[in-house]
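Trainee: Pasting a predicted model and its sequence here:
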Amino acid sequence: MKKTLLLSLLLLIGFALPILADEYGMVYHEIQVYDELGRKVTGISGVNIYLPGTTTNAVIYKNRGKQDAITQQITTTSTNTTLSSGSFYWWGADQYDFTITDGTDTFSSGGRSLSASEGKLIFPLFLKDVSTSTYEDDETITMGTDSDWVISGGATANLLKFTPASDGATFRIGLADGTKSANVQIYTASGVGLLIDESGNTLAITGLTTSINASSNYNTNINTGTSTGAVTVGSSTAGAIAFDTTSTFSVNSDSTMAFTATDTTAGNVMTWVTTDGGMAFTAGGAANGDFTVTVGDDLTFATTGLTTITNAGGIVLDGIATQTIIVEGTANDYEATLSFTDPTADVTYTFPVAAQATYSVMLSTLATNAPDIASSVTGGTNQLIFEGSGVDAYEAIITATNPTADIVWTLPDAAAMTVSFMSSTLATNMPGVANSVWGGTGQLIFEGATADGNEAIITVADPTADTIFTLPVMAAGTYSLMSSTLATNGVGIANSVWGGTNQIIMEGSAADANETIITATAPTADRTITIPDKTGQVMLSSAASVIAPSTTPTLTVGLSNIYTDTPTDNENQTITFSGAGTAGDVISIVFICVGTADEVITFQATLVSSTGTLTCDTTAARYYVVTFISDGSHWYEVSRTAVQT
C-alpha cells in the first residue's frame, strides 16, 4: 500500500444524508467539516461551491424550489448564508467541486468532484505542518509496510534536517552485522550523484564535480593504512588529471617507475608543465650527463613564461614530409598548429621590422594559399591581390590611393545572398567628389560636375512589394524622365499621372478603378496639338446620345455634345435640360421627323433660352439641328437649321 503525504485537502467519504430532490432537479446537500482526529472544525470562515471540474461558482439556494439564492463566497455573514460552526447546507446540482478556508489555510476538492452522498469533509490541521509534531525518546515511527514513503518539501534551505542531541550520534541505515543493509542514492540534475551499493560494497560519485578536503588543513589519505588494494586514478575514458601543490610533489617507488601513454588515439600526448620554480631534468653517469627524450609521437613543452632554446646551429625540424609546431595557449583540448607542407625548394618566410609591437598575420582557409596559386588571396605593395580560379597572368587587384585621413570601408551585415559592389569608371568616385555617384539611406546620390553642397538624389519610398523601374532601349539621344511634384506619384495612387501603352493616364483624386486616359491614334505624319494660353475646357467629340421620346423628355447634360430626338408622330414635346453645364459647353440636338402629322417642340425656359418652338415637318425622314451654348448657369440657342432632307 502506497501512502503519500499531501498538503492539500483529504477527502473522505462519510455518512450520507438523505438526498432530497425537488421538482426543479435540485438536490439537498449538508456538510460538516472534521479534522484528522474526527473532531468538528468550527472555525471555517469561507466556502465556495463550484461547477464540477471548474472554479466557476455554481448557482445554489438556501431553500428548495430555487428560493433564496446563496451569495458566494459563503461566509457567516453573506446573503442567505447557511455556514455556522463548520457546518453548511444548500440546494443545487448533485455534482460539485469546492474550496474551504479557515482564514489561514485553504483546501480544495483538487479536481475530484463530489456528490450529495458525501456529507463529511476532512480539513487537515496537523499533517499540513510536520515540523509541529514532537516525538519523545525511544519512540518508533512506522511508515507503512511496503517501505515506500515519499516526503515532499517546499522550496526552503533545509528540505530535511536532523539535529542530534549531542556529538557522536550515529545516523545508521541497516544493521552492523550486515544482515540487513540498503542502497543509498542521492540524485542530481544528471542522475544518481552519490550511490552506496550494498551488494557490491562500492561507493560511487558520478555526475558531480567532486572535491575532497577542498578548504581545510587536514591531511587526505588514500590507501595509507594496511590496505593492499591497488590505487587507480583515471581510466581509458577519463578526462584530464591534474596534480597541483604549493609545496614539494614527490613520486616514490620501490620498483621501476614508468610514465606510459598507452592510448594510441591520434593526437593524445604526455605533457609536462611548470609555472613557477622551473623544471629540471638531470642525468649523469655513463651517458655523460646527456638528457635524451625518445618518443614515437608528439613531444610537448608548455609554460606560462618564455621557452628559450639556445643553440648556435639553429633549430631544425626534420624527419617527415609534414612538419608542425603546436602552441598550446590555455591548457585545454585546443592548440594552434603551424603546419609546413613538404617543400620542393627553399622557402623563406620573412617577418619584417615594424613600428608597432603586436601584429597578426592574415589567415586563409585555403591550405595552398600563396601568390599565383588558384583561388589565393595575397598582399602586394599597398594591394590586396585575388588570383581567381585560373592560374594565369591576370589578377583582380584592390589598390588604395594614399589617404589624407582615416577612411573606413564597411561591409554591412545582411541576410545570406550573393552581392556585388557598385563599380565606377571614375577613379576618384567618392561622396562629395565631382561627377561621383554613391549610395545613401534608400538613395542614389549624384554629385554633378561641381563638388559642392548640391546633389541630385533619387529616393525610393519603402516598398510594400517588389517594384521594378525599367529604362527601355531607345535610339541614341538625350532623354529626360517625366518628373512630378507629387511625392507619392505612382500607378493607381490618388492624383498620380503615369504612362501606358501609347497613353497618358490620370488617376484623379480618388484611387479607384476609374482613370482618365489620353490615347493618340497612330499618326501618319507629325501632328501637333496646341493648348492655348487661357483657362477653359477642351471641346470633345463623342457618340450621339438618344433623348427618349415622350411629352416631357429630359436631356441629360454631360452625356455627349450631340443628341438625337425622334418624337412620336403627332406628339408634342417640352424638353427639360438636366443642368446648366459648364461655361463654354456646346450641345446640338438633331430632330428626326417620322410621321404625316406635325409635332411641336418646346424648350423648358428655366435653364434654356431659345428663339421659340420648333414645328417638325409632316413628311417622314426630315431633319432639323438646333445648337445651344452654356455660360455656366444657362443655355442659349445659337443656331437652328431649316428642314433638311
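Mentor: Right, received. Where do you want to start?

Trainee: Show the backbone phi and psi for the most centrally placed residue in the chain.
Mentor: Against the mean C-alpha coordinate of the chain, by Cα atoms, centre = their mean, the closest residue is Ala415 at 14.6 Å. When read as degrees, to the nearest 10, the backbone of Ala415 gives phi -60, psi 160.

Trainee: Leu37 versus that one, what's the distance?
Mentor: Taken as Cβ to Cβ, to the nearest Å, the spacing of Ala415 relative to Leu37 amounts to 71 Å. Using the backbone N, CA and C atoms, a C-beta is placed for each residue, glycine as well.

Trainee: again with Gly558
Mentor: Distance of Gly558 to Leu37, given as Cβ to Cβ: 100 Å.

Trainee: Looking at those two, which is more packed in?
Mentor: For Gly558 and Leu37, the more surrounded residue by other Cβ atoms under 10 Å is Gly558, and the numbers stand at 12 against 8.

Trainee: Against Ser542, how distant is the more buried one?
Mentor: For Gly558, the distance to Ser542 - Cβ to Cβ - is 10 Å.

Trainee: do the same with Thr341
Mentor: Between Thr341 and Ser542 the distance is 88 Å, computed by Cβ to Cβ.

Trainee: Just want to know which of those two has more residues nearby.
Mentor: Here Thr341 and Ser542 are compared on neighbour count by other Cβ under 10 Å; more neighbours surround Thr341, at 12 against 9.

Trainee: Give me the distance between that one and Gly379.
Mentor: If you measure Thr341 against Gly379 using Cβ to Cβ, the figure is 20 Å.

Trainee: Could I get the average pLDDT for stretch 366-373?
Mentor: Confidence for stretch 366-373, expressed as mean pLDDT, is 86.

Trainee: Let me know the helix or strand that Glu30 is in.
Mentor: Counting by DSSP states H and E, the element that carries Glu30 is strand 27-34.

Trainee: and after that strand, which helix or strand comes next?
Mentor: From strand 27-34 onward toward the C-terminus, using DSSP H and E, the following helix or strand is strand 46-50.

Trainee: which other helices and strands contact the next helix or strand after that following strand?
Mentor: Per DSSP H and E, the first helix or strand lying C-terminal to strand 46-50 is strand 61-63. Using 3 or more Cβ pairs under 8 Å, 6 or more residues apart in numbering; DSSP states H and E as the contact criterion, the secondary-structure elements in contact with strand 61-63 are strand 67-69, strand 87-92.

Trainee: Phi, psi for Asp102 please.
Mentor: Reported as degrees, to the nearest 10, the phi and psi values for Asp102 are phi -110, psi 10.

Trainee: now Ser215
Mentor: Backbone torsions of Ser215, given as degrees, to the nearest 10, read phi -140, psi 40.

Trainee: Check what pLDDT it gets.
Mentor: 74.

Trainee: so how many other residues sit close to it?
Mentor: Based on other Cβ under 10 Å, the number of other residues close to Ser215 is 5.

Trainee: Who are the contact partners of it?
Mentor: Remark: with contacts taken as Cβ atoms under 8 Å, 6 or more residues apart in numbering, Ser215 is in contact with nothing.

Trainee: That one and Asn221: what is the separation?
Mentor: Distance, Ser215 to Asn221, using Cβ to Cβ: 18 Å.

Trainee: And Ala396, by the same measure?
Mentor: 71 Å.

Trainee: try Val408
Mentor: From Val408 across to Asn221, the span is 64 Å (Cβ to Cβ).

Trainee: more neighbours, those two?
Mentor: Shown here are Val408 and Asn221; by other Cβ under 10 Å, Asn221 has more neighbours (8 against 4).

Trainee: residues contacting that one?
Mentor: If you count contacts by Cβ under 8 Å, 6+ apart, then Asn221 has nothing around it.

Trainee: Apply 10 Å and report the result again.
Mentor: With contacts taken as Cβ atoms under 10 Å, 6 or more residues apart in numbering, Asn221 has the following neighbours: Asn213.

Trainee: One more: Val347?
Mentor: The neighbours of Val347, taking Cβ under 10 Å, 6+ apart as the test, are 340-341, 370.

Trainee: any chance of these in a markdown table, plus distance to Leu121 and secondary structure?
Mentor: Output for the contacts of Val347, formatted as a markdown table (distance: Cβ to Cβ, whole Å; DSSP: H, G, I helix; E, B strand; the rest coil):
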| residue | distance to Leu121 | secondary structure |
| --- | --- | --- |
| Phe340 | 86 | strand |
| Thr341 | 86 | coil |
| Ala370 | 88 | coil |
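
Trainee: Just the closest of these to Leu426, please.
Mentor: When those are compared for distance to Leu426 (Cβ to Cβ), Ala370 comes out closest, at 33.9 Å.

Trainee: number of nearby residues for the residue nearest to that closest one when sequence neighbours are not counted?
Mentor: Setting aside the residues directly before and after it, Ala370 is nearest to Ser376 in space (Cβ to Cβ, 6 or more residues apart in numbering), at 5.8 Å. Residue crowding around Ser376 was assessed by other Cβ under 10 Å; the count is 18.

Trainee: cool, and Thr55?
Mentor: When counting by other Cβ under 10 Å, one arrives at 11 neighbours for Thr55.

Trainee: Local confidence estimate at the closest residue to it other than its chain neighbours?
Mentor: With Cβ to Cβ, 6+ apart as the criterion, Thr55 has its nearest non-adjacent residue at 7.5 Å, and that residue is Asp97. You'll see Asp97 listed with a pLDDT of 91.

Trainee: wait, Asp97 sits on Glu118?
Mentor: No. The pair Asp97 and Glu118 does not pass the contact test of Cβ atoms under 10 Å, sitting 12.0 Å apart.

Trainee: more neighbours, the two?
Mentor: Neighbours were tallied for Asp97 and for Glu118 using other Cβ under 10 Å; the higher tally belongs to Asp97 (21 against 18).

Trainee: now stretch 593-612: how far from the chain's centre is it?
Mentor: Counting by Cα atoms, centre = their mean, to the nearest Å, stretch 593-612 is centred 78 Å from the centre of its parent chain.

Trainee: Show the end-to-end separation of it, please.
Mentor: 18 Å (Cα to Cα, to the nearest Å).

Trainee: Stretch 583-597: which residues count as buried?
Mentor: For stretch 583-597, burial by neighbour count (16 or more other Cβ atoms under 10 Å) applies to 585, 587-591, 593-595.

Trainee: The residues you listed into TSV, with extra columns for pLDDT, secondary structure and distance to Thr55?
Mentor: Listed next are these as TSV, based on pLDDT from 0 to 100; DSSP: H, G, I helix; E, B strand; the rest coil; distance: Cβ to Cβ, whole Å:
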residue	pLDDT	secondary structure	distance to Thr55
Asp585	93	coil	77
Ile587	95	strand	80
Ser588	96	strand	84
Ile589	96	strand	83
Val590	97	strand	86
Phe591	96	strand	87
Cys593	94	coil	92
Val594	89	coil	88
Gly595	81	coil	91
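
Trainee: Pick out whichever of those residues sits closest to Thr619.
Mentor: Within the buried residues of stretch 583-597, the smallest distance to Thr619 is 6.6 Å, found for Cys593 (Cβ to Cβ).

Trainee: Pull the contacting residues for the closest one.
Mentor: With contacts taken as Cβ under 10 Å, 6+ apart, Cys593 has the following neighbours: 566-567, 569, 599, 615-624, 643.

Trainee: Can you tell me the closest non-neighbouring residue to Asn223?
Mentor: Across the structure, with Cβ to Cβ, 6+ apart as the measure, the residue nearest Asn223 apart from its sequence neighbours is Val231 (5.1 Å).

Trainee: and the one you found, how many neighbours?
Mentor: Counted with other Cβ under 10 Å, residues neighbouring Val231 total 7.

Trainee: same deal with Pro164?
Mentor: Taking other Cβ under 10 Å as the criterion, the count of residues near Pro164 is 9.

Trainee: Same check on Gly110?
Mentor: Residues lying near Gly110 (other Cβ under 10 Å) number 12.

Trainee: And Thr554, by the same measure?
Mentor: Counted with other Cβ under 10 Å, the neighbours of Thr554 add up to 13.
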